[in-house]
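>>> Please find the sequence and the predicted model below.
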Amino acid sequence: MSVGRQIKAFILRKLASKKANYFDIYKAKKILFLRYDRIGDMVITTPVFRELKLAYPDINITVLASVVNQGILINNPYVDKIVVNHKNNLLGDLSLLLKLRKQKFDVCVEFDHSVVPHAILRLKIIKPKKVISVKKDGRYGVDGSELSLYDFYTDKLSNTHFRDIWLATLKPLDIKPKSNHYDLFVTNNQKNKAQNFINQYSSKYLIGINLEGAVKGKKIKFCELWKICQGLHKVNNNVQIIILTTPNNLKSVSEKVKNQSLDYIAVSYKTNTILDIAALISQLDLIITPDTSIVHIASAFNKPIVTIHENNQDSYQLFSPTSDINKTVFSPKKDTLDGYDMQKVIEYSNSLSKA
């Protein structure tokens, strides 16, 4: 092992060490969850909050969320408090973390299955009595079992979806989940707005197509979109396609759709929040999307879905759609969607529309 690696290993062991604490986890009254990452991760984690609250109704649940994913928890009756954290700004979050420390949490659950220094630093500052996490492989030659900061590790079993891996973090509390379905709670106003929008397409088969993926290189290009739309309409002329887009892209997408002059393609109304788009998705018949949070939002409403995924089976296993009816088209590339089979997207979509 190089000297640099040895130094990093030494620092990691010191950083992730703590004195023995004999607190009985079954007496926990306040639990903090670290989930300050992406929207899709938060959707997949929602069963954890529900199953914990149902098992221990009096327990207080706080979630350390991110700016982008906090909206998933709005109206969630199983979460008592949402606190917004900034993943890449530990110094800026210091005041918040110190306030959390004063709350003296009994348990903190950290969902990362790898060793993440910024998560360890936050845990050290917050100083919960007990820490639960997913089994870690280690880092810099330091095995996860050497990190005494973590009191309980739950297994990351192979061929298992992340929703079940994260649900397993409740095992130290002797909780056996009764359900692993996702929770999203849209308001009546959001639902009514979505219904008013789709009422103009009464009797149509409504297909939502989301263009944007989670990262660069994972999107449906406009030249591909037109071919997919035409292929869908050719088989079913009663189809109405709704393009799902972000508020920032709404104007440019609307202009491109308008220029096509195809009356069976429309752009969604402006969806300002993630629950706005969730409300609209809940009213559609089929969703087509790259690998992104829309997959999990559609799964929360058990919508038939066709996803487009890069050629990465490990990632797919962890984040695959969970709707009862779903199909996936894989790109030949490992890191992008380039070269995916548009005809398969059309064929799968048409087959699901008849299911």
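Perfect, I can see it now.

>>> Grab the nearest non-local neighbour of the residue nearest the centre of the chain.
Residue closest to the mean C-alpha point of the chain, counted by C-alpha atoms, centre = their mean, is Gly40 at 1.4 Å. With C-beta to C-beta, 6 or more residues apart in numbering as the criterion, Gly40 has its nearest non-adjacent residue at 3.8 Å, and that residue is Ser293. C-betas here are computed from N, CA, C, even on glycine.

>>> pretty sure the one you found is touching Val68, no?
No - contact criterion C-beta atoms under 8 Å: Ser293 and Val68 do not qualify, at 9.2 Å.

>>> who's more crowded, these two?
Under the criterion of other C-beta atoms under 10 Å, the comparison of Ser293 against Val68 puts Ser293 first, with 26 against 16.

>>> which helix of the protein spans the most residues?
Taking DSSP state H as the criterion, the chain has its longest helix at helix 39-55.

>>> next helix or strand past that helix?
strand 60-65 (DSSP states H and E).

>>> quick one, strands of the stretch 51-200 of the chain?
Remark: strands assigned in the stretch 51-200 of the chain by DSSP state E, counting those that start in this stretch are 60-65, 81-84, 107-110, 130-134, 152-154.

>>> who wins for proximity to Leu167 among those?
For Leu167, the closest of the strands of the stretch 51-200 of the chain is strand 152-154, at 9.2 Å, according to C-beta to C-beta.

>>> dump the residue contacts of the residue nearest to Gly40.
Listed by C-beta atoms under 8 Å, 6 or more residues apart in numbering, the contact set of Ser293 reads 38-40, 43, 214, 274.

>>> By pLDDT, rank the residues you listed and give me the bottom one.
Here the lowest pLDDT out of the contacts of Ser293 sits on Ala214, with 74.

>>> how close does the residue nearest to Gly40 get to Asn237?
Between Ser293 and Asn237 the distance is 31 Å, computed by C-beta to C-beta, to the nearest Å.

>>> any idea how the chain splits into domains?
Taking automatic domain parsing as the criterion, the chain consists of the domains 3-173, 188-353.

>>> Columns distance to His181 on top of those, output as CSV?
Formatted as CSV, the domains of the chain follow (distance: least, C-beta to C-beta, whole Å):
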stretch, distance to His181
domain 3-173, 7
domain 188-353, 7
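
>>> Tell me the buried residues in stretch 291-308?
Buried residues in stretch 291-308, defined by neighbour count with 16 or more other C-beta atoms under 10 Å: 291-301, 303-308.

>>> Give the residues shared as contacts by Ser293 and Val68.
Common neighbours of Ser293 and Val68 (criterion: C-beta under 8 Å, 6+ apart): 38-39.

>>> out of the contacts of Ser293, who's nearest Ala9?
Ala9 lies nearest to Arg38 out of the contacts of Ser293, by C-beta to C-beta, at 29.3 Å.

>>> quick one: contacts for the closest residue to the closest one other than its chain neighbours?
The shortest distance from Arg38 to any non-neighbouring residue, by C-beta to C-beta, 6+ apart, is to Asn69 (6.1 Å). Contacts for Asn69 (C-beta under 8 Å, 6+ apart) come out as 35-39, 41-42.

>>> Wait, Tyr140 touches Ser2, no?
No - using C-beta under 8 Å, Tyr140 is not in contact with Ser2; the gap is 10.0 Å.
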